[in-house]
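>>> one predicted model, sequence on top.
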Amino acid sequence: MHYGRRKRYETSEDQNRPVERFCDAEGCVEEGAYRAPKSRDASEGYHMFCLEHVREYNKSWNYFDGMSEDEVDQFQRSAPWAHRPTWQMNDRTSRFAGAKFSDPFGFAETENDPPPEARKPQRRFTPDQRRAFGVLQLEPTDDLREIKLRYKQLAKRFHPDANGGDRGFEDRLKRINEAYGVLSASLG
């Protein structure tokens, strides 16, 4: 059974219609209904053959004719990504440089990256937690000891008693206490 683009003639009227294009094979008077490339470069166009001649042409045509072994090998290696240029994900010159993405399986790792067990998982913090870290002038961290140490330092520095009883430091100390409360409640 044939699965090509063969036209079926439903009525005798279709059989008697004029041929739109003849087969490109020399001396053939059949309709040229099947395309065959003239070269690897599609810009050169196509031959139009009848079914018999397109089969003959396809048996003898070699896409890789005229290519060296290295060119054929390169062509076959680039086929999975449709012959488009690629670059390494960890390359600083790539368009993804500086972009943050999740790589839970470590596909983009290089030899210089620390092993997975040495890396800490990145924790996402809520907007309230980020504001609290800002008030404490601290980089976001999961380490409660570091947070508590920073809280103690700021509480001593901005306590009104440590500043000669100046009530101007009370608001700042209140914000520091609230920030520590948010972080200790959510991380502890």
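Looks like it came in fine. Note that the coordinates shown come from a computational prediction; the quantities given were computed from them, not determined experimentally.

>>> residue 40: how many residues sit nearby?
13 (other C-beta atoms under 10 Å). C-beta: built from backbone N, CA, C; applies to glycine.

>>> with residue 146 instead?
Residue 146 has 13 nearby residues by other C-beta under 10 Å.

>>> for the helix of greatest length in the chain, C-alpha coordinates in PDB please.
Counting residues, the longest helix found in the chain (DSSP state H) is helix 170-187. The C-alpha atoms that make up helix 170-187 are tabulated as PDB, following Å, rounded to 0.1, in the frame of the first residue of the first chain:
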ATOM      1  CA  GLU A 170      13.700  53.700  72.100                       C
ATOM      2  CA  ASP A 171      12.100  53.500  68.600                       C
ATOM      3  CA  ARG A 172      15.200  51.900  67.100                       C
ATOM      4  CA  LEU A 173      15.400  49.400  70.000                       C
ATOM      5  CA  LYS A 174      11.600  48.600  69.500                       C
ATOM      6  CA  ARG A 175      12.200  47.800  65.800                       C
ATOM      7  CA  ILE A 176      15.200  45.700  66.700                       C
ATOM      8  CA  ASN A 177      13.100  43.700  69.300                       C
ATOM      9  CA  GLU A 178      10.300  43.200  66.800                       C
ATOM     10  CA  ALA A 179      12.700  42.000  64.100                       C
ATOM     11  CA  TYR A 180      14.300  39.500  66.500                       C
ATOM     12  CA  GLY A 181      10.800  38.300  67.600                       C
ATOM     13  CA  VAL A 182       9.800  37.700  63.900                       C
ATOM     14  CA  LEU A 183      13.000  35.800  63.200                       C
ATOM     15  CA  SER A 184      13.200  33.700  66.400                       C
ATOM     16  CA  ALA A 185       9.500  32.700  66.100                       C
ATOM     17  CA  SER A 186       9.700  31.700  62.500                       C
ATOM     18  CA  LEU A 187      13.200  30.100  62.500                       C
END
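
>>> for the chain, which segments count as helices?
Counting by DSSP H, the helices of the chain are 12-15, 51-60, 69-78, 127-135, 144-158, 170-187.

>>> tell me which of those sits nearest to residue 105.
helix 69-78 (23.2 Å; C-beta to C-beta).

>>> what's the offset of the closest one from the middle of its chain?
24 Å (C-alpha atoms, centre = their mean, to the nearest Å).
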